[in-house]
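Undergrad: I would like the atomic coordinates for the input below:
(2 chains)
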2 protein chains.
Amino acid sequence: MSDPIVVTDPADPRLGDYTDLTDVELRRRREPAEGLFMAEGEKVVRRALAAGYPMRSLLLTPRWVDGLRDVVDAATVPVYLVSPELAERVTGYHVHRGALAAMGRRPLPAATELLAGARRLAVLEAVNDHTNVGAVFRGAAALGLDGVLLSPDCADPLYRRSVKVSMGAVFSLPYARLDHWPRGLDDVRSAGFRLLALTPDAGAVDIAEELRGSGGGRVALMLGAEGDGLTRQALAAADARVRIPMSHGIDSLNVAAAAAVAFYALTTAAPRTPEDRP
Amino acid sequence: MSDPIVVTDPADPRLGDYTDLTDVELRRRREPAEGLFMAEGEKVVRRALAAGYPMRSLLLTPRWVDGLRDVVDAATVPVYLVSPELAERVTGYHVHRGALAAMGRRPLPAATELLAGARRLAVLEAVNDHTNVGAVFRGAAALGLDGVLLSPDCADPLYRRSVKVSMGAVFSLPYARLDHWPRGLDDVRSAGFRLLALTPDAGAVDIAEELRGSGGGRVALMLGAEGDGLTRQALAAADARVRIPMSHGIDSLNVAAAAAVAFYALTTAAPRTPEDRP
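TA: Next up is the predicted model:
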């Protein structure tokens, strides 16, 4: 166990992992390069640990020590105890959840590895908004997909905001990056997946109809960024373009809602039997 | 047509409808009391007009005049032309969409009227967050519900933020308020609706299963506020409690995603035929 170390100097180099958390541009470069990510709040810290991520250190304000007592007692890494004011000075914001953990990343599985073990996947193209990445992961995990593949320009699922919005789903759902785009989609199809492109385009096929027709095989559903949607290249690479039927003159849902509906359609169109689990 | 009226004094009483838009507490009391709501941005202004809401006046910065030229030319109410700085002084924020319309409300239909003409309804209990109300309306309209019933303490669908998040769906989907809660739910059931309560509770029935079993009759789906969910009274009033099956240890979706999935289940479980349209 670690005895908490009281820190009173905002420039203390031991707090280096926690500096400038509000500088998104800096942190989005720095964290992957340093093999680091931040878990914020008791629940998220616990989920990250439960998922097997190694903790580098823990930063607590006094009122949060009791809630994480067991984690503190079990910790073999430094536990820093700071005032709320110092936490704000270091991180750049008011840490109202009072607990931050600097966690170590693990190597991502190769896309081929993820493909081998899955039946239903989401494939995200250029979803570069951390909130949307988190929301899509939450939906994909909740609605029973087996994993997520990311185009090279998708936002980092382990960025603090993505983790928070996903409610920790980024820890429980396997994901991998495709190194080449759209060429990496060939690997998805070679692995036996039918590649569907979700689009609001009225010319696309009703997703439920498409799924009934294709009879319950492996499916990878591609989603694009809010606003722009999928690129021409991604649409061209798909086996079929599918849409969620819309009414009342509304032409789209936000990306989190559209993704959730499509994932639901995916898992209910062909409910899995014990035999078809990977 | 109206010639635009150039206004340079932020205290000009003719701009009274547009003052202090960032004071949510003030506006949420004032707007319904004065039969007023705000439409923001060209698209939303056009949708409000297309839905038949009467315009009281229009507030434009110069660069937005051309985009709304036809609306300005057709207007029989004052069109105020102001600098971006004056717009900000009056409203309290930077109006980057450059167009605001003060619109008049219309009487809401009675709940009984809405019930008579509908087959699939959403019923919201105490959803007091404007963003969530807007998102639920967008999903309900897009996914083919016939209307929305609101408990007395739900947030105003015509509040600026609700309108914006709904992408104008609050204009195209009929809604009404239940004056008494939960007693008003008796009227829903008297009108022949099966009243389902959506809950993350693992003891509830899979929504798809429930809908298959109840055979395509009239359905009203109750949703509660994010976090708290439905009250005990609402749950007790329901004919059945239904849930969206969850995986990977995730216990819930956000309210917009959960609503969208449930609405999709509702409309796909019993696709409407031409005969059963109201």
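Undergrad: which SSE is immediately downstream of the helix or strand bottoming out on mean pLDDT in chain A?
TA: Here the helix or strand of chain A ranked lowest by mean pLDDT, DSSP states H and E is helix A:207-214, holding a mean of 90. Next along the chain after helix A:207-214, taking DSSP states H and E as the criterion, comes strand A:219-223.
Undergrad: how about the residues of the stretch 1-150 of chain A by chain B?
TA: A:135, A:138-139, A:141-144 (C-beta under 8 Å from any C-beta of the partner chain). In short, each C-beta sits where N, CA and C put it, glycine included.
Undergrad: tabulate those (TSV), appending neighbour count and pLDDT.
TA: As requested, those are exported to TSV (neighbours: other C-beta atoms under 10 Å in any protein chain shown; pLDDT from 0 to 100):
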residue	neighbour count	pLDDT
A:135	27	96
A:138	27	97
A:139	30	97
A:141	28	97
A:142	30	97
A:143	28	97
A:144	20	96
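Undergrad: quick one: average pLDDT of stretch A:66-82?
TA: The average pLDDT within stretch A:66-82 is 94.
Undergrad: what sits up against that stretch?
TA: Stretch A:66-82 is contacted from outside by A:1-8, A:14-15, A:42, A:45-46, A:49, A:55-62, A:65, A:90, A:99, using C-beta atoms under 8 Å, 6 or more residues apart in numbering or on different chains.
Undergrad: which among the residues you listed end up buried?
TA: Taking 16 or more other C-beta atoms under 10 Å in any protein chain shown as the criterion, what is buried in these is A:4, A:7, A:15, A:42, A:45-46, A:49, A:55-61, A:65, A:90, A:99.
Undergrad: closest one to residue A:263 out of the residues of the stretch 1-150 of chain A next to chain B, please.
TA: Among the residues of the stretch 1-150 of chain A next to chain B, residue A:143 lies closest to residue A:263 (C-beta to C-beta), at 4.0 Å.
Undergrad: now for the spatially closest residue to residue A:97 that is not a sequence neighbour: which residues touch it?
TA: Using C-beta to C-beta, 6 or more residues apart in numbering or on different chains and skipping residues adjacent in sequence, the residue nearest residue A:97 is residue A:41, 3.6 Å away. Shown in contact with residue A:41 (C-beta under 8 Å, 6+ apart): A:97-99, A:164.
Undergrad: tell me, how many residues neighbour residue A:184?
TA: Number of residues near residue A:184 (other C-beta atoms under 10 Å in any protein chain shown) recorded here: 19.
Undergrad: return the distance of the closest residue to it other than its chain neighbours relative to residue A:220.
TA: Spatial nearest neighbour of residue A:184, chain neighbours left out: residue A:178 (3.1 Å); criterion: C-beta to C-beta, 6+ apart. Using C-beta to C-beta, to the nearest Å, residue A:178 is found at 11 Å from residue A:220.
Undergrad: give me the common contacts of those two.
TA: Common neighbours of residue A:178 and residue A:220 (C-beta under 8 Å, 6+ apart) are A:123, A:149, A:188.
Undergrad: my guess is the last one meets residue A:123, correct?
TA: Yes: under the criterion of C-beta atoms under 8 Å, residue A:188 makes contact with residue A:123 at 6.7 Å.
Undergrad: which neighbours do these two share?
TA: A:149, A:178, A:195, A:220.
Undergrad: surely the second one is in contact with residue A:154?
TA: No: Residue A:178 is beyond contact range of residue A:154, at 9.4 Å (criterion: C-beta under 8 Å).
Undergrad: still on that earlier bit, residues of the least confident helix or strand of chain A that come out buried?
TA: Neighbour counts over helix A:207-214 (16+ other C-beta under 10 Å) mark A:207-208, A:210-211, A:214 as buried.
Undergrad: what does stretch A:102-122 give?
TA: For stretch A:102-122, by 16+ other C-beta under 10 Å, it's A:102-103, A:109, A:111, A:114-115, A:118-122.
Undergrad: ignoring the adjacent residues along the chain, who's closest to residue A:246?
TA: With C-beta to C-beta, 6+ apart, the residue lying closest to residue A:246 is residue B:142, at 4.8 Å.
Undergrad: C-terminal to whichever strand or helix holds residue A:80, what's the next element?
TA: Residue A:80 is part of strand A:79-81 when elements are defined by DSSP H and E. Going down the chain from strand A:79-81, the next helix or strand is helix A:84-91, by DSSP H and E.
Undergrad: so what strands line up beside the next helix or strand after that next one?
TA: Downstream of helix A:84-91, the next assigned helix or strand under DSSP H and E is strand A:99-104. In the sheet, strand A:99-104 lines up against strand A:36-40 (antiparallel), strand A:55-60 (antiparallel) (DSSP bridges).
Undergrad: need the ones you listed in a markdown table with mean pLDDT, can you?
TA: A markdown table is the format used below for the strands paired with strand A:99-104 (pLDDT from 0 to 100):
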| stretch | mean pLDDT |
| --- | --- |
| strand A:36-40 | 96 |
| strand A:55-60 | 96 |
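Undergrad: correct me, but residue A:168 touches residue A:48?
TA: Yes: if you go by C-beta under 8 Å, residue A:168 and residue A:48 touch, sitting 7.3 Å apart.
Undergrad: same question for stretch A:105-114, mean pLDDT?
TA: Stretch A:105-114 comes out at a mean pLDDT of 96.
Undergrad: wait, residue A:146 sits on residue A:118?
TA: Yes: if you go by C-beta under 8 Å, residue A:146 and residue A:118 touch, sitting 3.7 Å apart.
Undergrad: got the phi and psi for residue A:187?
TA: phi -60, psi -40 (degrees, to the nearest 10).
Undergrad: so it is in contact with residue A:176, correct?
TA: No: taking C-beta under 8 Å as the definition, residue A:187 is not a contact partner of residue A:176, at 10.4 Å.
Undergrad: shared neighbours of the two, anything?
TA: Joint contacts of residue A:187 and residue A:176 (C-beta under 8 Å, 6+ apart) are residue A:111.
Undergrad: name the nearest residue to residue A:264, sequence neighbours excluded.
TA: Residue A:264's closest residue in space is residue B:261 (C-beta to C-beta, 6+ apart), at 4.7 Å.
Undergrad: re the thing from before, tally of neighbours for the residue nearest to residue A:184?
TA: 21.
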